[in-house]
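Sequence isn't available, so here's the structure alone:
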């Protein structure tokens, strides 16, 4: 049972998105999976870039894995980054070996996670990104289990400051 209500975060600028990324980098425990959902151009990869930057991954290293399907970045912790947009089904996703990443000490991000939701860990953080305008977004963060719930509560306190 999750105690933390969802967080609706409305960044006013890129610095706000980076602040959210830093909060996620600071508070997501090892082995957390983050399910990213949103339309093309919503900002899924941009959020991963913000987390990576806060995790001491060099700027410019993180790119959309749409054509390579998976990327892995080393910083203070490893960030696993999957894109399921071009996959036909969950079996193709599982062929990429995400279970090893789910069970690792890193953080795993899955773009277009709604396409493979049935094979994601039960306890994960879901982030839905809604496009409100050309440069305006809203993030809705929801925990699906106790580990994500505890992290979400810490993120809430950090971004509220």
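Cool, got the structure. Computed from a predicted structure; not experimentally measured.

rest of the way, CA atoms for contacts and neighbours
Fine.

Do a quick rundown of the strands in the chain.
Using DSSP state E, the strands of the chain run over 7-9, 33-38, 70-74, 78-83, 107-111, 125-131, 137-143.

could I get those as CSV with mean pLDDT and mean neighbour count?
As requested, those are exported to CSV (pLDDT from 0 to 100; neighbours: other CA atoms under 10 Å):
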stretch, mean pLDDT, mean neighbour count
strand 7-9, 93, 17
strand 33-38, 96, 24
strand 70-74, 92, 16
strand 78-83, 95, 23
strand 107-111, 96, 26
strand 125-131, 95, 22
strand 137-143, 95, 21
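
okay, these in JSON lines with distance to residue 21 next?
Listed next are those as JSON lines, based on distance: least, CA to CA, whole Å:
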{"stretch": "strand 7-9", "distance to residue 21": "12"}
{"stretch": "strand 33-38", "distance to residue 21": "12"}
{"stretch": "strand 70-74", "distance to residue 21": "15"}
{"stretch": "strand 78-83", "distance to residue 21": "13"}
{"stretch": "strand 107-111", "distance to residue 21": "12"}
{"stretch": "strand 125-131", "distance to residue 21": "12"}
{"stretch": "strand 137-143", "distance to residue 21": "12"}
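
Of all these, which one is nearest residue 117?
strand 33-38 (8.2 Å; CA to CA).

Name the residues that touch that closest one?
Residues from elsewhere that reach strand 33-38 (CA atoms under 8 Å, 6 or more residues apart in numbering): 44, 102, 107-114, 120-121, 123-130.

partners of that strand in the sheet?
Pairing partners of strand 33-38, with direction, according to DSSP bridges: strand 107-111 (parallel), strand 125-131 (parallel).
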